[in-house]
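# got a predicted structure here, sequence first:
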Amino acid sequence: METFMPVTKLATTSAMPRSRVIGAYLEEARSECLRYMRAPGFMLPIMLFPAMFYLLFGVLMAKSNGPDAARYLLASYGVFGVMSPGLFGFGVSLALERDGGLLTFKRALPMPPGAYLLGKMLMAMVAATVVILSLLVMALLLGHVTLAPVQIVALLFTGALGVLPFCALGMFVGTLIKGQGAPGMLQLIYLPMSFMSGLWFPLPMLPKFLQQIAPVWPSYHLDQLALAAVGMKQGPLLPHVLTLCGFAVGFLLLAARRLRRNG
Amino acid sequence: MPHSPDPIARLGGAVKRYGELTALDGADLRLQRGELLALLGPNGAGKTTAIGLLLGLIRADAGTVELFGQDPQRIEARRRIGVMLQNAELPPTLRVGELLRLTASYYPAPRALAETAELAGIADLLKRPYAKLSGGQQRRVQFALALCGRPELLFLDEPTVGMDIEARQKLWAAIRQLTSEGCSVLLTTHYLEETEALADRVCVMAHGRMIHEGTVDELRARVAMKRIRCLSALPLEIVKGWPEVSEVRRDEERLYIATADAELVVRRLLDADHHLRELEVHRAGLAEAFTELTRDADEASDNDQREAA
């Protein structure tokens, strides 16, 4: 009797070859990158702010402060620039997509688990790399900074991976706030945190209290790594790397929990 | 025909609460392979919650929820469905073709892009950015995304909202073509006309429960009331006095009568007024049947609450 049931059809249609699953991840990442690269309202502020700051403070005004100022600020404005695709690219888009129903739609579809987050992560990494590249071009051509090829690679690497803890933080904020409230909230985190981590003015120029609490901020640790990459810092790097990993995993778990519960 | 096949989607006594509010209160639903089931009900009846459970978006507090005999939160079950939700803002800067390519990539054996576009009537839109489309065109693209994975079951939540009559009829034709190929459909709609045009079976919800299930004709028959109209000089009091008449009113010369026993009332009318003209008898439409059903459910639930209080 079983032969009358369309059993064979049921068994075959939902099996998905591995190559197609990988293809789905790639498509998701490709679409995510495409859609934001095409949205000037998103890309321009991310690219322009760090570039403008660096041009002003790192290239034009740093000449009087000696050759190391441009190199030092390349690292810290680089970190400043890397934070925003993480916080905004991830956080704001998640908040908007939760609000607009896109996330609900994607969850109803058979999108492979994780493809959504992985796509956004990749997009943030690409944007962070582009930010660092633009600062590097200015530093090398206009700021007369000299960097060894290995230092250039190290800084790009720091930027591309360093965006991840901020993706996790942005994602967490995106699960707390829906829709248009998220950008304001993220600015309130982004700007003070950048200032207090010594990204705008070197830490020794800040009040003692702020210097003491600086290690609380993930951006402080990323700045230390970036400084090391351009040869401005000696000492062990592992504690900074571990702290950043801890931040990333912690906020990722918090956000994942909220997403599972509240959608 | 296979003998009593298992339903491809099923709710069994499903309960879902949001704090104080009980959105689903023991809802039962069975969708068989190949049928188009329309889920009707006023706003707040629990339709969206029922769909949300079947799509695996939310978890039931009690009862069973199955999609192809599996938990809908399993991706294997969802690889066999297509979804068109009421409001999903798709990425505005992506082109229609890119959206289709992305969505099709989630499925094991999707349709060719051209075939999908042809079926949904969007072949001329593939190169356009999504944000540049009109509301009706965006709905058609969303329909295309729902069917691009060659699904065995389509969830269509208010699919024709914002479409003009022509677009609506094209979409109906596409839905009919899909069902003729064996695709099942779970449709929610506010347009009873749409239900009459498409549905094999109708499920009416109110207050988180199914209050009626059957064919469109059965739903109509459930409300036995018929409407009589005529031109007559008969005084209202006389007509009101007939036991079969449940409601009567007059608009100048025209009489409007509601009754469960039209034949008897017509006979009385003709006996009482030999000059009676323009006699019409109507069966209650789906809209009236629907209103009646949900009103009964409202009263029942009010009574429940009063008893509980």
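Sure thing, it's come through.
# skipping adjacent residues, who's closest to the residue of chain A found nearest chain B in space?
Residue nearest to chain B within chain A: residue A:100 (3.4 Å; CB to the nearest CB). For the C-beta atoms, the positions are set from N, CA and C on the backbone; glycine is no exception. Nearest non-adjacent residue to residue A:100, counting by CB to CB, 6 or more residues apart in numbering or on different chains: residue B:89, 3.4 Å away.
# contacting residues for the residue of chain A closest to chain B?
A:179, B:87-89 (CB atoms under 8 Å, 6 or more residues apart in numbering or on different chains).
# got the buried residues for the helix or strand containing residue B:267?
Counting by DSSP states H and E, the element that carries residue B:267 is helix B:262-272. Using 16 or more other CB atoms under 10 Å in any protein chain shown as the burial criterion, the residues of helix B:262-272 that qualify are B:262, B:265-266, B:268-269.
# do the same with stretch A:205-219
In stretch A:205-219, counting by 16+ other CB under 10 Å, buried: A:206, A:214, A:217-219.
# quick one: end-to-end distance for that stretch.
One end of stretch A:205-219 sits 17 Å from the other (CA to CA, to the nearest Å).
# taking the buried residues of stretch A:205-219 one by one, which sit in helices?
Among those, DSSP state H puts A:218-219 in helices.
# my guess is residue B:257 is in a strand, correct?
Yes: counting by DSSP: H, G, I helix; E, B strand; the rest coil, residue B:257 is part of a strand.
# so what pLDDT did residue 235 get?
You didn't say which chain, so I picked chain A. In this model, residue A:235 is scored at 84, pLDDT.
# try chain B instead
At residue B:235, the model reports a pLDDT of 85.
# residue B:187 is in contact with residue B:156, correct?
Yes: Residue B:156 is in contact with residue B:187 according to CB atoms under 8 Å; the separation is 4.9 Å.
# residues that sit against both of the two, list them.
Residues touching both residue B:156 and residue B:187 (CB under 8 Å, 6+ apart): residue B:175.
# ends of stretch B:251-271, how far apart?
Terminal residues of stretch B:251-271 are spaced 21 Å apart (CA to CA).
# just stretch B:202-219 next, same as before
Per CA to CA, stretch B:202-219 runs 8 Å from first to last residue.
# can you list contacts of that stretch?
Contact partners of stretch B:202-219, identified using CB under 8 Å, 6+ apart, comprise B:16, B:22-29, B:37-42, B:45-47, B:49-50, B:195-196, B:199-201, B:222, B:286, B:289-290, B:293-294, B:296-298, B:301.
# name the helix or strand for whichever residue of chain B sits closest to chain A, please.
In chain B, the residue that lies nearest chain A is residue B:89 (3.4 Å; CB to the nearest CB). Using DSSP H and E, residue B:89 sits within no helix or strand.
# count the residues that sit near residue B:75.
Other residues near residue B:75 number 18, with proximity taken as other CB atoms under 10 Å in any protein chain shown.
# hang on, the earlier thing: for the residue of chain A closest to chain B, give me the pLDDT.
Taking residue A:100 on its own, its pLDDT is 89.
# in space, what's closest to residue 33 - neighbours in sequence excluded?
I'll assume chain A. Distances taken as CB to CB, 6+ apart place residue A:123 nearest to residue A:33, at 4.9 Å, with adjacent residues excluded.
# hmm, I had chain B in mind actually
Nearest-residue entry for residue B:33: residue B:8, 5.3 Å, with adjacent residues in sequence omitted and distances by CB to CB, 6+ apart.
# residue B:77 is in contact with the one you found, correct?
No: contact between residue B:8 and residue B:77 fails when scored by CB under 8 Å: they sit 9.7 Å apart.
# any common contacting residues for those two?
By CB under 8 Å, 6+ apart, residue B:8 and residue B:77 have these common neighbours: B:67-68.
# for stretch B:60-78, buried residues please.
Within stretch B:60-78, the residues scored as buried using 16+ other CB under 10 Å are B:60, B:63, B:65-68, B:70, B:72, B:75-78.
# which of these are close to chain A?
B:68, B:75-78 (CB under 8 Å from any CB of the partner chain).
# filter those down to just the ones in helices.
Using DSSP H, those in helices are B:75-78.
# need the outlier residue of chain B, farthest from its centre.
The outermost residue of chain B relative to its centre, with distances by CA atoms, centre = their mean, is residue B:274 at 44.4 Å.
# three-state assignment of that one?
Criterion first, three-state DSSP; result for residue B:274: coil.
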